[in-house]
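A.B. asks: fold the following, please.
(2 chains)
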2 protein chains.
Amino acid sequence: MTYLDTLGQNAKQAARLVRRLKASEKNKALQSMAEALLQHQDQILEANQKDLAKGQANGLSTALLERLTLNESRILGMVNGLKQIAGLDDPTLKTDSQWINRDGLRISRRRVPLGVIGIIYESRPNVTVDATALCLKAGNAVILRGGKEALESNQAIILALQEGLSHTNVPMTAVQLITDPSRELATEFMQLNQYVDCLIPRGGAGLIQTVLKQATVPVIETGVGNCHLYVHRAADLAMAQRILLNGKLQRPSVCNALETLIVDASVANEFLPTAASALKEAGVEIVGDEAVLALVSEAELATDIDYASEFLDYKLAIKVVDSYEQAIDHIDHYSTGHSEAIITNDYQTSQNFLNDIDSACVYVNASTRFSDGEVFGFGGEIGISTQKLHARGPMGLEALTSYKYVIEGEGQVRG
Amino acid sequence: MTYLDTLGQNAKQAARLVRRLKASEKNKALQSMAEALLQHQDQILEANQKDLAKGQANGLSTALLERLTLNESRILGMVNGLKQIAGLDDPTLKTDSQWINRDGLRISRRRVPLGVIGIIYESRPNVTVDATALCLKAGNAVILRGGKEALESNQAIILALQEGLSHTNVPMTAVQLITDPSRELATEFMQLNQYVDCLIPRGGAGLIQTVLKQATVPVIETGVGNCHLYVHRAADLAMAQRILLNGKLQRPSVCNALETLIVDASVANEFLPTAASALKEAGVEIVGDEAVLALVSEAELATDIDYASEFLDYKLAIKVVDSYEQAIDHIDHYSTGHSEAIITNDYQTSQNFLNDIDSACVYVNASTRFSDGEVFGFGGEIGISTQKLHARGPMGLEALTSYKYVIEGEGQVRG
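C.D. replies: From the prediction side, this is the model:
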């Protein structure tokens, strides 16, 4: 039996037990993990120092090192996250619907946990805690495969979490970490269909594409957001500028940040020069088409690649369009299906936009930065899905469940 | 641009139009396709004759030839199927939920079509019509890749369907058939992520495994059913026998037919000899463990492979167990997660079984043969999902939809 077979079998066995637990038992386990994290804070910070030293020696970028860094306040953040998730409603207590069919069978569609969830992620150690908490809360077992840069930190965190579970009815094997960081093992993990019900990659576009290509286990694709803001000719231009600056500047490195601005030609003269200088003042590099270049000084000509890019940085692509249809076509062509917004006060246009745009989140007169499970009111978020199967947009606890049909009869046979 | 790129682009373009159509426009298209099928009946039957002649020359089995065969009554069946699906409720008219978040944003989760659906199937030409009708009704475009044995028939059917669409608001490219039956193209189709939102394979275990392995497009796994019937010690044994015979005999070749019988040791003496002779009289071959061999004459010793098999034939594996736990463990180990039933009059045991069994459909005192979208009341069925992501169990029109979040604001930005 291989290493992953053992992990898989442990997880499947654990999932059988966890799915039968009461909400209170799962919540107690989350609380106990929170306490254990605090108790083992020193070991976790020590392990993190090792990762950081190794990272520096290996020449990791400042941004990567920053993501990798743990401190007392970040550990407290994870602890509070666990407690908050303990306080959420259990998503598996629900029956979606129940009816009696023509044969007199009572059919119920009950929410149930997915089973065993695999999480593949990069260098942020907090994902180890957040993902575990959400998966467990929904009644699942989890197998984690973090980045090799964070291996020491993740191992210390997992030991603490498992220690926390050891005092509860949740088996310690409900939470397991793959400690061998080889690529071969990662590929094997993505094809562990016998044990794993679902894979969720969390990280950059490269990681997600690799998982999509190699996995035979069903995947929920998350994250890449080439988000558009369309300033329609009937827009309140002051509102448009406020939302533009919020979308681009409030946190440029996240998937719901703005990457492309589209402006109706009839308002471009009035809107673009002012908006662009506000952006440039904040250090945003602007690329655009010929019409943009005529209105915005220091703008560079946008390439096809620019319009397709998720910059995640102080850079914005701008396009001027002659019609609503041209705006929709541009978004349809370049969007990654994450979040798009229109600013308009024209009622029919707003309704058309909501129907025409085929993205997970479509906004009228609000910032795309709101695409977030917590902001939506889900209490937490395992990621933002950009595929259409299973879950779309911000995914809360419900996305970590499936359903089953329960059919109760009195001896019926099919005629 | 490759052949598949063209098909994919056509489909994506068509999907954009179809998702904006009213229910009445889609229903008119379904009716028009029904009429066109009838009008082109002669061409379709002629094409089918060519497939059959080729199949006979190539030595196809009688069962395969039977599946491939079309006649007036089967075409009428397809026509009536189209009309019936036109009469169902449009699954995209619904808003799942709507609320106002803490920022005052009105958030709605609206049902929307999946977009472009790929169907990969084997030799039954009726799938061409059924799958098309369900996909279109839910507002999707469809690309079909049927078995090469049915290519002439499928081409004639698609021509008729497209001719039907030509009189309606649904573009003809909403329904396309891959006419090049090569394996390379099939693989390319399974990786057409740029255009295809979801793949549904319909056919035997081999086809489904191939699609799972090769696809990068999200797949809904359908079909394989190693279904179990557990006769608990508190069972009404007459009811148990009725349900056993129905499960095994009424239609052995389908995925919801019974493949394994589990019997509590305490009732095996009373139940098995009578039940087994009824089965044997109907021509069922029996394999079982030592306890079964002691009670049933002419039974052979069951192998591990037998217990794991979907026979789809007049063959049944039987196991005698000493406890409820042993029965659950056996099912957990060998089940494909399709449908399992318990016969018992013990209330607590029935409820435990419903919770413990991790399958799409779990029955108390009824036949597994009821696992079917039409029987469940969904009006039609695109397949039975044995995975847990997106859709589980019999899939009706809702399984062919996704959702999107519509967010309406008054200029809100994220703080």
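A.B. asks: drop to CA atoms for contacts and neighbour counts, all remaining ones
C.D. replies: Fine.
A.B. asks: what is the longest strand anywhere in chain A packed up against?
C.D. replies: Longest strand in chain A by number of residues (criterion: DSSP state E): strand A:401-412. Packing contacts for strand A:401-412, counted by 3 or more C-alpha pairs under 8 Å, 6 or more residues apart in numbering or on different chains; DSSP states H and E, involve strand A:106-113, helix B:237-249, strand B:361-366.
A.B. asks: list the buried ones in the longest one?
C.D. replies: Within helix B:237-249, the residues that qualify as buried by neighbour count (16 or more other C-alpha atoms under 10 Å in any protein chain shown) are B:237, B:239, B:240, B:241, B:242, B:243, B:244, B:245, B:246, B:247, B:248, B:249.
A.B. asks: quick one: distance of the next helix or strand along the chain from that helix to the chain centre.
C.D. replies: On the C-terminal side of helix B:237-249, the closest following helix or strand by DSSP states H and E is strand B:258-264. Centre-to-centre, strand B:258-264 and its host chain are 23 Å apart (C-alpha atoms, centre = their mean, to the nearest Å).
A.B. asks: what angle do whichever helix or strand comes after strand B:258-264 and strand B:258-264 make?
C.D. replies: Per DSSP H and E, the first helix or strand lying C-terminal to strand B:258-264 is helix B:265-281. Angle of helix B:265-281 versus strand B:258-264, following axes from the mean of the first three to the mean of the last three C-alpha atoms, to 10 degrees, is 150 degrees.
A.B. asks: quick check: angle from helix B:265-281 to helix B:237-249?
C.D. replies: Using the same axes, to 10 degrees: helix B:265-281 against helix B:237-249 is 50 degrees.
A.B. asks: residue A:265 contacts residue A:320, doesn't it?
C.D. replies: Yes. If you go by C-alpha atoms under 8 Å, residue A:265 and residue A:320 touch, sitting 5.6 Å apart.
A.B. asks: these two: who's more crowded?
C.D. replies: Taking neighbours as other C-alpha atoms under 10 Å in any protein chain shown, residue A:265 and residue A:320 compare with residue A:320 leading, 23 against 20.
A.B. asks: give me the helices and strands touching the host helix or strand of the more buried one, please.
C.D. replies: Element membership of residue A:320, judged by DSSP H and E, is strand A:315-321. Secondary-structure packing of strand A:315-321 (3+ C-alpha pairs under 8 Å, 6+ apart): strand A:258-264, helix A:265-281, strand A:285-288, helix A:290-295.
A.B. asks: if we go to 7 Å?
C.D. replies: strand A:258-264, strand A:285-288, helix A:290-295 (3 or more C-alpha pairs under 7 Å, 6 or more residues apart in numbering or on different chains; DSSP states H and E).
A.B. asks: so which residues make contact with the shortest one?
C.D. replies: In this structure, residues lying in contact with strand A:285-288 by C-alpha atoms under 7 Å, 6 or more residues apart in numbering or on different chains are A:299, A:300, A:301, A:302, A:314, A:315, A:316, A:317, A:318, A:319.
A.B. asks: give me the mean pLDDT for that strand.
C.D. replies: Average pLDDT, strand A:285-288: 98.
A.B. asks: list the beta-bridge partners for residue A:406.
C.D. replies: Per DSSP bridges, the residues bridged to residue A:406 are residue A:108, residue B:362.
A.B. asks: and it, how many neighbours?
C.D. replies: Per other C-alpha under 10 Å, the neighbour tally for residue A:406 reads 22.
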